[in-house]
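Novice: give me a model of this one.
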Amino acid sequence: MFRTHAPFLEKASMALMLLGIVALCQPWNDFLHRYSVLMIIVGIVAFNVFSRIRPVVSDDIETETS
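Specialist: Numbers count the residues shown, from 1 in each chain. Predicted coordinates for the structure are as follows:
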């Protein structure tokens, strides 16, 4: 399951890290500011996990030999 969704989850973890940085810098919402470091840490851990999972290679593509 994770092999098919790893590229999407990798991009989602990068978005979570960016959202955590934006939440850390904004002064309006105390809830976002309070949990911003947690969002950044979860994004970093998720990125480290999902960036190491190789995506499934499709057998539909035929390679030509010279």
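Novice: ok, residues contacting stretch 11-19?
Specialist: Residues outside stretch 11-19 that contact it (C-beta atoms under 8 Å, 6 or more residues apart in numbering): 39-40, 42-44, 46-47, 50. Every C-beta, even on glycine, is put in place using the N, C-alpha and C of the backbone.
Novice: just the buried members of these?
Specialist: Among the contacts of stretch 11-19, those buried by neighbour count (16 or more other C-beta atoms under 10 Å) are 39-40, 43, 46-47, 50.
Novice: show me which residues of the helix or strand hosting residue 24 are buried.
Specialist: According to DSSP states H and E, residue 24 maps onto helix 2-25. By 16+ other C-beta under 10 Å, the buried positions in helix 2-25 come out as 6, 9-10, 13-14, 16-17, 20, 23.
Novice: where does the closest residue to residue 6 other than its chain neighbours land in three-state SS?
Specialist: Nearest non-adjacent residue to residue 6, counting by C-beta to C-beta, 6 or more residues apart in numbering: residue 53, 4.1 Å away. Of the three states, residue 53 takes coil under DSSP: H, G, I helix; E, B strand; the rest coil.
Novice: going forward can the numbers begin at 605, since that is how I track them
Specialist: Yep, numbering from 605; the last one is residue 657 now.
Novice: gap between residue 657 and residue 625?
Specialist: 24 Å (C-beta to C-beta, to the nearest Å).
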